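> quick one, fold the following:
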Amino acid sequence: MTGVVVGLLVVAVVGWLARSDATDGMAALPGPTAASATATAEATPEATATATPTPFEAPSQGPRRPPAIDASVPRVTGTWLTDLPDAPIEVPAVHLGVWTGDQLVVGFEDEVAAFDPWGQSWRTLPSHPDGRADGRHVVLVEGFLDGPVTDLRDPAGEWMQRIAVVGRAPSCDAPLPCARVDLLDPVAGTWEDVPDPPAAVPTVDAVAWTRAELVLVWATRPPRGQAPGTVQPAVGGAVLDWASRTWRMLPPLTLDDTLPGDGGGRRPDTRVIDLQATAMRNDGTVLVWGGRERASSFAAVFDPSDDGWRVVPFPGLVSPRTGTWTSRGDLVVAGQTADMAPWFGSIRPNVRSWEPLDPLPGADDPRTSLYGWATASAGERTLLYGGYASSVFLSWDPAGYAWEVLDVDRPRVHAVAAWTGTAFVIWGGYTEAGPTVDVAIWRPPLGWPG
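You can find the predicted model right below:
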């Protein structure tokens, strides 16, 4: 998995992060890993008048028009290469992709293909021999992985890459669907077996790679036939130790189910939605954040050294939707406030506080404007492409503390994006004409991003 779009300008540092145990927990967070995976599947957006589609369903159509943007916002005009071959795969329902550093690997529902942005060509990779694709999340697993070593950061080994494809088993002996994991070597084009996760692992909401372990997290859900609001909101987790290829279950993170107000007379429901996860560098912890229906959002850090959770500060958003790391160590997050207004902010984990970013320079409908983002990090800049019912291509420049408007190829949502170091690549998603498997490359002007 995805997302929604839009607006902002002028900023003030948020200092609400209370001096508490939670705040102290944030101070110790290390910097992020170089995130290379892009998954466009997201949790279902808030219901709106435009009836935006759910993450694993195809929208009836993509965005139709570009928004009006303030002419005073700085423009960056590059060159789009669009006369490129389509991916040699069928159109998937969920557009997933991983940037490995030299190729964009996409597909994973059954077929898989890799795009070389320098050669501007595709190559087909084999499907899983057991037909077990149906991926819902993908993440790049990389490190010195040439043997069962205890420290995958030991430079004595050979640097290797695998793509972990996390999906759902078609059936299992459990009340809810079970998860499964497969590994693809993107260079050799071969698949590797991984022991199935424990049957207690249901459909996974987010994944992260710590450079030593693969972490799966999910939100608790009522068993089939049981009404929402009857299960304490919690986050579950399971960890695959790479060296031993063994799984262990994590203790659940139980969340306070206090609701704002009386819930409008409906059954209390604080189910976790929009769950995200990202690995943090140096100590292998994982930051997990998400929203809850009719309750405040939350964030927590999982520490594999003791398999413990600790809650950390997070803005009181109803729906935090997507986040991406920059090279300077900022996590930029998009979300919505309680009144459905768009919100963008950034945090540097060792600073303890969030900053709301200036308003985005183009917004049609704040109820749908944060939908369907594809994100990438171009050095210190954050690149955002998407938005429904209109699309924009934007860059957040932390040095100038301002947004830049980049030229859009064509409106699309739920695409896969990557920054190659010199160019922006975008693949798939949904356009006005419907789902697509085309690819386009944006080359910036000389000297950008600096």
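> send me the helix or strand hosting A114 as PDB with only the CA atoms.
Element membership of A114 [criterion: DSSP states H and E] is strand 112-116. Only the C-alpha atoms of strand 112-116 are listed here, as PDB (Å, rounded to 0.1, in the frame of the first residue of the first chain):
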ATOM      1  CA  VAL A 112       7.100  -9.100 -11.000                       C
ATOM      2  CA  ALA A 113       9.200  -6.800 -13.200                       C
ATOM      3  CA  ALA A 114      12.300  -4.600 -12.700                       C
ATOM      4  CA  PHE A 115      12.800  -1.200 -14.300                       C
ATOM      5  CA  ASP A 116      16.300   0.200 -15.100                       C
END
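> beyond that strand, next helix or strand please.
Downstream of strand 112-116 (by DSSP H and E), the next one is strand 121-125.
> okay, the angle between the strand holding A114 and strand 121-125?
150 degrees (axes from the mean of the first three to the mean of the last three CA atoms, to 10 degrees).
> in strand 112-116, what's buried?
Applying a neighbour-count criterion of 16 or more other CB atoms under 10 Å, one finds V112, A113, A114, F115 buried in strand 112-116. Bear in mind the C-beta positions are built from the backbone N, C-alpha and C, glycine included.
> cool, and stretch 187-195?
Under 16+ other CB under 10 Å, the buried positions of stretch 187-195 are W191, V194.
> look up how far A169 lies from R136.
To A169, R136 is 12 Å away according to CB to CB, to the nearest Å.
> and the buried residues of strand 112-116, which is closest to W242?
Closest approach to W242 among these (CB to CB): V112, at 21.7 Å.
> what bridges to the closest one?
V112 has these beta-bridge partners by DSSP bridges: G107, L125.
> begin at 543 from now on, thanks
Let's use 543 as the start, then, which means that last one is V654.
> surely it and V648 touch.
Yes. Contact criterion CB atoms under 8 Å: V654 and V648 qualify, at 7.3 Å.
> now do the shared contacts for these two.
I631 (CB atoms under 8 Å, 6 or more residues apart in numbering).
> pLDDT score assigned to the closest residue to L756 other than its chain neighbours?
Nearest residue to L756, sequence neighbours excluded (CB to CB, 6 or more residues apart in numbering): L782, at 4.2 Å. If you check L782, the pLDDT there is 94.
> again, but for G806
pLDDT at G806 comes out at 37.
> cool, V749 as well?
At V749, the pLDDT value in this model is 93.
> just P862 next, same as before
On the pLDDT scale, P862 gets 62.
> same question for the one 10 residues further on.
At D872, the pLDDT value in this model is 77.
> tell me the bridge partners for V723.
According to DSSP bridges, the partner residues bridging V723 are V708.
> test my guess that it contacts V757.
No. Counting by CB under 8 Å, V723 does not reach V757; the two are 11.3 Å apart.
> show me where the stretch 793-942 of the chain has its strands.
In the stretch 793-942 of the chain, the strands defined using DSSP state E, counting those that start in this stretch lie at 795-796, 814-821, 828-834, 837-845, 850-854, 861-867, 873-878, 884-889, 896-898, 916-920, 923-928, 934-939.
> now for the second one, which elements pack on it?
Here strand 814-821 touches strand 748-751, strand 755-761, strand 776-783, strand 828-834, strand 861-867, going by 3 or more CB pairs under 8 Å, 6 or more residues apart in numbering; DSSP states H and E.
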